[in-house]
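Engineer: Generate coordinates for the sequence data below:
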Amino acid sequence: MKKIAFGLLTTLTVFAYSCSDNASNKQTAEQAPATQEETTEVKVMKASFTNVDAAVTGYIKKLTDNYLQIKNALIAGKATEAGEAARQLLEAMKGFDKSLLAADQKKVYDQYETGLKENAGHIAQGANDIEHQRERFADMSEGMYAIVKAFGGGKTLYHDHCPMAKNGKGAMWLSETKEIKNPYFGEKMMECGDVEEEIQN
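Structural biologist: Residues are numbered from 1 along each chain as shown. Alright, predicted model coming up:
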């Protein structure tokens with residue numbers, strides 16, 4: 001019993017230490033601002049495709065908006081709202097005319113379309129299991145990230161990463177704000193994570 005208690009205490013200590021890293025980083029930044037600025041520099045990038053049909057741009061923006069609604073619902077711990085936003089994303093995908101895509105654009109889109117649909121479906125059906133929604137959101141985020149990098153998202157977005165998500169494997173997400181609000185832990189560890197990239201539209 002003592003061994004189990006000790007193991008749990010050790011795990012919680014590591015867990016808390018990892019996610020309090022931001023606080024210690026802020027303290028370090030106050031002591032040595034120049035050094036900290038260098039280590040936390042955010043990479044700025046733009047979408048790969050510059051010649052995209054206006055209807056495609058509007059469609060990708062709609063997907064991005066639905067994705068961000070899912071993300072914000074998970075931050076707030078609202079599984080039902082996350083499910084509804086996922087249903088809206090699926091509806092948007094059904095009506096998309098892929099003939100509007102150039103050959104190289106279609107190749108990128110096709111690579112992630114099935115995964116987006118599958119993950120959105122799970123999130124839509126998982127209104128009673130927010131942890132399952134969060135697992136699927138991690139996979140969905142990888143696909144949305146690739147699409148936004150290629151086509152843009154209709155607005156400036158931030159690529160964030162939490163090292164503690166997915167049982168310590170780490171997971172990323174996209175956000176419309178630079179402030180870290182963690183969709184994988186919500187209020188339990190709201191500020192756990194870092195901004196890695198700024199994706200300009």
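Engineer: Could you use CA atoms for every contact and neighbour count after this?
Structural biologist: Will do.
Engineer: so where do the strands sit in the chain?
Structural biologist: 43-46, 157-162, 171-175, 194-200 (DSSP state E).
Engineer: I'd like to know which of those is closest to residue 114.
Structural biologist: strand 171-175 (18.6 Å; CA to CA).
Engineer: can you tell me which of the strands of the chain comes nearest to residue 89?
Structural biologist: That would be strand 171-175 among those, by CA to CA, at 15.5 Å.
Engineer: Quick one: mean pLDDT over that closest one.
Structural biologist: Average pLDDT, strand 171-175: 98.
Engineer: Next, the angle strand 194-200 makes with it.
Structural biologist: 40 degrees (axes from the mean of the first three to the mean of the last three CA atoms, to 10 degrees).
Engineer: Neighbouring strands - and their directions - for strand 171-175?
Structural biologist: strand 157-162 (antiparallel) (DSSP bridges).
Engineer: Mind checking the strands of the chain for the one nearest to residue 84?
Structural biologist: Taking the strands of the chain one by one with CA to CA, strand 171-175 is closest: 18.7 Å.
Engineer: and that closest one, how far from the chain's centre?
Structural biologist: 2 Å (CA atoms, centre = their mean, to the nearest Å).
Engineer: Then stretch 59-71?
Structural biologist: 11 Å.
Engineer: got the CA positions of that stretch in CSV?
Structural biologist: The C-alpha trace of stretch 59-71 is given here as CSV (Å, rounded to 0.1, in the frame of the first residue of the first chain):
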residue,chain,number,x,y,z
TYR,A,59,-15.0,26.6,-47.3
ILE,A,60,-11.7,26.2,-45.4
LYS,A,61,-12.6,29.2,-43.3
LYS,A,62,-15.9,27.5,-42.4
LEU,A,63,-14.1,24.3,-41.4
THR,A,64,-11.7,26.3,-39.3
ASP,A,65,-14.5,28.2,-37.5
ASN,A,66,-16.2,24.9,-36.8
TYR,A,67,-12.9,23.4,-35.5
LEU,A,68,-12.4,26.4,-33.3
GLN,A,69,-15.9,26.0,-31.9
ILE,A,70,-15.1,22.4,-31.0
LYS,A,71,-11.8,23.5,-29.4
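Engineer: can you give me the helices for the protein?
Structural biologist: 2-19, 21-31, 33-39, 54-75, 79-94, 103-125, 130-151, 165-168 (DSSP state H).
Engineer: got a list of contacts for the last one?
Structural biologist: Defining contact as CA atoms under 8 Å, 6 or more residues apart in numbering, one finds that helix 165-168 is touched by 135, 171, 184-185.
Engineer: If we use 7 Å, what do you get?
Structural biologist: Helix 165-168 has contacts (CA atoms under 7 Å, 6 or more residues apart in numbering) with 171, 184.
Engineer: In this structure, which residue is most central in space?
Structural biologist: residue 173 (1.3 Å; CA atoms, centre = their mean).
Engineer: what about the residue nearest to residue 43 when sequence neighbours are not counted, how many neighbours?
Structural biologist: Using CA to CA, 6 or more residues apart in numbering and skipping the chain neighbours, the partner closest in space to residue 43 is residue 197 (4.6 Å). Residue 197 has 18 neighbouring residues, counting by other CA atoms under 10 Å.
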